[in-house]
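Chemist: sequence first, then the predicted structure, then my questions.
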Amino acid sequence: MKELSQHIGSRIRMYRRVQGMSLQELAARIHKSRASVSKYENGEVVLDVETLYEISRALHVELCQLTDLMPPQEKPPVAKPLPLSGRKSPFYEAKRLYFYFYDGRYRRLKDGIIDIFPSRTKPGSTEASFSISSITGSGRSSESLYSGSVTYSDMLIRFSFVNQLNPLEEDLLYIFNPLELRDYSEGLLCGISSADFMPCAFKCLVTLSPQEADRALRQQLMITTKDVNRWKKLNMMLIDNHGN
């Protein structure tokens with residue numbers, strides 16, 4: 001229970017800070033004291049359902065985005081490719097995915113978490129939330145929060161996200177839906193650069209389990225000379241569906 005309260009508190013703090021909202025402002029919106037909100041964010045108080053609902057409304061997020069603590073996921077074993085008539089791939093069934101890309105503008109590795117859940121307004125549809133952070137020597141800093149939808153096919157998975165603070169910024173994330181049992185898939189994140197508002201695309205990696213932010217991961221995310229030569233030849237950006 002303590003772990004859940006701390007997780008909910010950290011999510012409240014993250015969404016509040018991203019929106020530039022002070023502790024006092026949030027406290028006023030939910031008719032609580034500043035001290036109480038501070039205790040919520042530190043996980044010192046077990047929140048009741050009514051208060052949690054009021055906080056989600058004040059922050060303009062779904063309840064599930066505050067209570068998205070999930071048990072650790074084991075890496076799936078390496079196996080032979082699945083037959084087309086077999087069960088759905090692990091990426092099709094995943095409720096949480098881990099996202100990585102290298103931002104050359106700031107020379108930083110960035111990661112994110114994608115949480116997937118059934119739509120509450122459109123039965124049969126699937127929605128997702130997406131948070132991106134920068135990884136530095138002192139830890140992670142939350143930068144952007146998105147919400148959107150997911151569309152599945154036999155070959156690809158498409159995520160369509162809108163920035164929660166800037167509706168003009170809509171990102172598309174395409175990844176392969178691998179038929180073999182592996183815990184990662186490469187893809188492209190297409191959107192608008194937050195620095196200069198220019199259209200851009202990033203080579204990215206989406207995984208079923210958290211990855212170590214090391215040199216090997218960074219190298220996997222870098223655009224290679226081979227990539228550039230191929231893009232020049234075809235005059236388009238392409239990402240292959242292959243395992244290393």
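Modeler: Received it, and whenever you're ready, just let me know what you need.
Chemist: just checking, next helix/strand downstream of the helix ranked longest in the chain?
Modeler: When the chain is parsed with DSSP state H, its longest helix is helix 2-18. Per DSSP states H and E, the first helix or strand lying C-terminal to helix 2-18 is helix 23-30.
Chemist: what packs against whichever helix or strand comes after that next one?
Modeler: Once the chain leaves helix 23-30, the next helix or strand it forms, by DSSP H and E, is helix 34-41. If you count contacts as 3 or more CB pairs under 8 Å, 6 or more residues apart in numbering; DSSP states H and E, helix 34-41 packs onto helix 2-18, helix 23-30. Every residue, glycine included, has its C-beta placed from N, CA and C.
Chemist: could you look up the SS state of Lys232?
Modeler: helix (DSSP: H, G, I helix; E, B strand; the rest coil).
Chemist: for Thr225, see how far away it is.
Modeler: As judged by CB to CB, to the nearest Å, Lys232 and Thr225 stand 11 Å apart.
Chemist: would you confirm that Ala27 contacts Glu41?
Modeler: No. With contacts counted by CB atoms under 8 Å, Ala27 stays clear of Glu41, the gap being 10.8 Å.
Chemist: more crowded one of these two?
Modeler: It is Glu41, of Ala27 and Glu41, that has more neighbours when counted by other CB atoms under 10 Å, with 22 against 18.
Chemist: surely the more buried one and Arg11 touch.
Modeler: No. Using CB under 8 Å, Glu41 makes no contact with Arg11, being 9.2 Å away.
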